[in-house]
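>>> here you go, sequence then predicted model.
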Amino acid sequence: MRLSSVALCALFATGCLDKALSDLVNETEEDVEEAAEGGDGGGDGGGGSEAPTQYEGLTERAIGGGEEVGALDVWCAWSFNDSGTPAEPCPECDWAFDVNFSYDSVNDYVGGCGDLSDFSIRLGYDSGYDGGPVMWGYAEEYGEWYPAFVAEMSGEELAFGYYAYEVSDYYDSYYYGYTWYSIATVR
């Protein structure tokens, strides 16, 4: 899972970021070459005006801490298998899915994560968001949509996630880091 390794390397400086980014750049160059030759190599993922009807993917989440951003110790990292069914999109969205995230104990690689329950979120893809594509999340308790993740779409491949850190209230030089990274095929 090379794309998820980019997200984890960026957060936790595990020494693999250069290799993971190099592989990602090579894949992107191949997509551009394929598109120039008339292949699929890119696009908005929506296939024109028709909304996709299938969503299958993987998600990795991680939490850590340390004294330097980009070199945090991983406390907890866990994986989910994702599947979705078409849903009513937000007004700004090109399409949406109700995505089920099923905990994957086989690919869980750092324990101590606490609640490992399956969960579901309604997510909508917006290719025209100011500043670039995003995934919107629907907060059922408020009945509102919110831009939740930076997104990228290439052909049928969707990638989205976030990286965030905060300074500890007790120690000025201690940081907590959080990542969420998903990759999915959307058809």
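The structure has been received and is ready for your questions. Numbering: from 1, shown residues only.

>>> what comes into contact with the helix or strand hosting A96?
If you go by DSSP states H and E, A96 is part of strand 95-103. Contacts to strand 95-103, defined as CB atoms under 8 Å, 6 or more residues apart in numbering, come from residues 46, 51-52, 55, 59, 78-90, 116-125, 136, 138, 186. Placement of C-beta: from N, CA and C, glycine included.

>>> strand partners of that strand, parallel vs antiparallel please.
Next to strand 95-103 in the sheet, as set by DSSP bridges, lie strand 73-86 (antiparallel), strand 119-126 (antiparallel).

>>> now the shortest one: buried residues?
Neighbour counts using 16 or more other CB atoms under 10 Å place I121, R122, L123, G124, Y125, D126 of strand 119-126 among the buried residues.

>>> ok, now the first one?
Within strand 73-86, the residues that count as buried by 16+ other CB under 10 Å are V74, W75, A77, W78, S79, F80, N81, D82, S83, G84.

>>> name the residues of the strand holding A96 that come out as buried.
Buried residues in strand 95-103, defined by neighbour count with 16+ other CB under 10 Å: W95, A96, F97, D98, V99, N100, F101, Y103.

>>> tabulate these (TSV), appending distance to P147.
Output for the buried residues of strand 95-103, formatted as TSV (distance: CB to CB, whole Å):
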residue	distance to P147
W95	15
A96	13
F97	16
D98	18
V99	16
N100	21
F101	19
Y103	26
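
>>> which one of these is nearest S154?
W95 (15.8 Å; CB to CB).

>>> bridged to the closest one, which residues?
Beta-bridge partners of W95, as defined by DSSP bridges: Y125.

>>> and it, how far is that from D126?
W95 is 9 Å from D126, where distance means CB to CB, to the nearest Å.

>>> any chance of the backbone angles for S105?
Main-chain dihedrals, S105, degrees, to the nearest 10: phi -70, psi -20.

>>> neighbours around the residue nearest to it when sequence neighbours are not counted, how many?
Among residues not flanking S105 along the chain, L116 sits closest, at 7.6 Å (CB to CB, 6 or more residues apart in numbering). Neighbour count of L116, defined by other CB atoms under 10 Å: 13.

>>> with E67 instead?
12.

>>> and G66, by the same measure?
When neighbours are counted by other CB under 10 Å, G66 registers 19.

>>> right, I'll call it a day here.
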